[in-house]
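> Could you work out the structure for the sequence below:
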Amino acid sequence: MPPLYAMPLNDDTVTPGVLGFVVFLALLVATVFLIRSMSKQMKKIQAPSEEDLKQQAWERAQQEKDAAAAKSPGDDA
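Next up is the predicted model:
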């Protein structure tokens, strides 16, 4: 019998085998669980609506206007 390193490599001598299948199956199962977990986390996210963002911008503008109006012209000196 020739030494193991001297055997020619072809499709008959090199196969992924059972270990390759088990590793592939484990990766597939892990991917499924990660996708399920990600979808649950994405459902928990509460993104603000466009109306909420406009309301916040309006309130911010009103606060800036009120702050500018509260400042009297004589305070600059």
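
> What are the buried residues along the helix or strand where Lys54 lies?
Following DSSP states H and E, one finds Lys54 within helix 50-70. The neighbour-count criterion (16 or more other CB atoms under 10 Å) identifies no buried residues in helix 50-70. C-betas here are computed from N, CA, C, even on glycine.

> Report all helices and strands that that helix contacts.
Of the remaining helices and strands, none touches helix 50-70 by 3 or more CB pairs under 8 Å, 6 or more residues apart in numbering; DSSP states H and E.

> contact partners of it?
Residues outside helix 50-70 that contact it (CB atoms under 8 Å, 6 or more residues apart in numbering): Pro48.

> How far away from the center of its chain is it?
Relative to its parent chain, helix 50-70 has a centroid offset of 32 Å by CA atoms, centre = their mean, to the nearest Å.

> Next up, phi/psi of Ala47, please.
Dihedral pair for Ala47: phi -80, psi 140, per degrees, to the nearest 10.

> Thr13 now?
Per-residue torsions, Thr13: phi -100, psi -20 (degrees, to the nearest 10).

> Pass me the low-pLDDT residue ranges in this protein, would you?
Flagging of the chain using pLDDT under 70 yields the residue ranges 1-8, 72-77.

> middle-most residue in it, spatially?
The centre of the chain sits closest to Met38, judged by CA atoms, centre = their mean, with a distance of 8.1 Å.

> Name the secondary structure element that contains it.
helix 17-44.

> what about Val29, neighbour count?
Number of residues near Val29 (other CB atoms under 10 Å) recorded here: 10.

> how far away is it from Val23?
According to CB to CB, to the nearest Å, Val29 and Val23 sit 11 Å apart.

> Then Glu50?
The span separating Glu50 from Val23 equals 47 Å under the rule CB to CB.
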